[in-house]
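Novice: I'll drop the sequence and a predicted model, then ask my questions.
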Amino acid sequence: MFILPAERKLDWKHPPWMTLALILACLLVFLFYQAKDPRLMGQAIGSYLDAGLDELELPLYLDYLERQQLRGETEAGERLEYLRFLHGEGERAGLAAAILTDRAFMDYLEGNRELVMNSAERRYWTEHRPPIQERFIDQLSANEAGLIPAEPSLYRFITYQFLHGGWGHLIGNLVFLFLLGYTVEKALGPGRYLLAYLLCGAVAGGVHGLFHWNEPVALVGASGSISGLMGMYVAFYGLQRIRFFYFVGVYFNYFRAPALVILPVWLGKEIYDYLMAGATGVAYLAHAGGLAAGAALVLLLGKGWFQARETFYEPEQDDRDEAFSADYAHALEAVARMDFDAARKRFEALWQANPDRPVALEHLYQLAKLRPDLPAYRERTVELLHAYLRLQQPENLVKTWQEYLQLAEDRQPLEPEEHNRVLFAALRGDDLGIAEKAFARLRERGAPEQVREAGQLLAAEFGKRRMEPRANEYRQLLKSL
């Protein structure tokens, strides 16, 4: 069973570049740096078997595991059963791999060889076994860059996050990294997101190390870092109800719940799995540490360094479209009932919330046009002209301007600046006829400098088109100003 937050949809217009970069980094590390591991392991097994070390170490290893089992270590019991199976099948290579990869057993032999081997065995073992460990096993990626609790090193708290134990481990982690990463990256931005990701991974590794402080087994994988992203995700939303995806067996569905309420559920599951799952090789406490670290970063520093961007909390585009359509339909219903006051209020609210959609303002303009003698019509006209200019819709701008000239210009003339804007828009649209009409209006009430500038533009445009008579008319006009 797993539960994932699913409140945000991916916007490919603004890709999560840092998340994609982290995915690429993990892939490259696995494909190139970790590609040496099978070769090294094969060489180690070959050298080990050629030296006949399995005949010497296998009885010692079985005895070592039996004593661990008597102390109540369930993992030792499971490993012992597996080794007996391999031994019964005559799988020497499998036995060699199991012995070679148990670093704790190697440490045990180095510390107790005087007790468990005779002098001839010790000499032979010392001559052949440590070189295999140094030349091959210690060179494996997990032993070079993984986080080994018994041998802590600062750089390993970072490097272990980019290593993985196999294709299944890698793909599983990268899928979850993508599903969670793009949301947290949107909230923080790429720089702070990367810092938070690495910090959560380091804390997750530290928690794992605290409970396995004397173990020589390397921790690898991005699970702790990704768990940190999960903790940050729900902390951003706090007690706001968001959507979660869950999967149980073959059944999956969605549910809504206060975001932070799920955090103790996740933590409890990881702790329960740690206590009950046995020798799975999964670092459940690292997951729990990452979850707690991610949530703490936001809850403690969420009003400072790890504060989410304001745009993060804006509704998704689909949700905005749905809300706009519903409110727009209610406004049209008010128009159909001829309840113009209610319609006006709804369209005003729509326009304020959606300044990039002029349709609401167009309706306000049409409502105001019912009484062109009132100041509201002039105000809506100016507002609509500015909107069309900002949205680069010169045809609609000119159409609205012409309509106003017919209905209200004589009673409530527009300011010269409005005619000047129409003139510039007409010139950009290569409509010299409208430009001249706008200039005529501008000339009536505009300041001399403003009129002179507009006249110079018209003269230049006519000159470009080799319409010298018209160009000269404007040049003569300019001389009289």
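Specialist: Received, thanks. Residues are numbered from 1 along each chain as shown.
Novice: From here on, just use CA atoms for contacts and neighbour counts.
Specialist: Noted.
Novice: Please determine how far the residue nearest the centre of the chain is located from residue 291.
Specialist: Nearest residue to the geometric centre of the chain (CA atoms, centre = their mean): residue 182, 1.3 Å. In this view, residue 182 and residue 291 are 17 Å apart by CA to CA, to the nearest Å.
Novice: Show the contacting residues for the residue nearest to the centre of the chain.
Specialist: Going by CA atoms under 8 Å, 6 or more residues apart in numbering, residue 182 touches 10, 15, 16, 19.
Novice: Kindly recompute the last result at 10 Å.
Specialist: The contact partners of residue 182, by CA atoms under 10 Å, 6 or more residues apart in numbering, come to 8-11, 14-20, 189-190, 193, 229.
Novice: cool, and residue 232?
Specialist: 180, 183-184, 187, 196-197, 200, 226, 238, 260, 263, 290-299, 302, 306 are the contacts of residue 232 under CA under 10 Å, 6+ apart.
Novice: Secondary structure class of it, three-state.
Specialist: Recorded secondary structure, residue 232: helix (DSSP: H, G, I helix; E, B strand; the rest coil).
Novice: start the count at 39, not 1, going forward
Specialist: New numbering, starting at 39: the last item is residue 270.
Novice: what's the spacing between it and residue 329?
Specialist: According to CA to CA, residue 270 stands 8 Å off from residue 329.
Novice: List the residues that are in contact with both of the two.
Specialist: Listed contacts common to residue 270 and residue 329 are 238, 264, 301; contacts here mean CA under 10 Å, 6+ apart.
Novice: can you pull out the strands in the stretch 39-188 of the chain?
Specialist: Remark: strands assigned in the stretch 39-188 of the chain by DSSP state E, counting those that start in this stretch are 40-43.
Novice: for it, what spans make up the helices?
Specialist: Along the stretch 39-188 of the chain, the stretches classed as helices by DSSP state H, counting those that start in this stretch are 55-66, 74-88, 91-108, 112-127, 130-138, 141-154, 157-173, 179-183.
Novice: Tabulate those helices in TSV, adding columns for mean neighbour count.
Specialist: As requested, these are arranged in TSV below (neighbours: other CA atoms under 10 Å):
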stretch	mean neighbour count
helix 55-66	17
helix 74-88	16
helix 91-108	16
helix 112-127	15
helix 130-138	18
helix 141-154	14
helix 157-173	14
helix 179-183	20
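Novice: closest to residue 370 out of those helices?
Specialist: Closest to residue 370 of those is helix 55-66 (CA to CA; 42.1 Å).
Novice: For that closest one, name the packing helices and strands.
Specialist: Packed against helix 55-66, as judged by 3 or more CA pairs under 10 Å, 6 or more residues apart in numbering; DSSP states H and E, are the following elements: helix 205-226, helix 228-249.
Novice: Pick the most deeply packed of those helices.
Specialist: Neighbour counts (mean count of other CA atoms under 10 Å) averaged over each of the helices and strands packed on helix 55-66 peak at helix 228-249, with a mean of 22.
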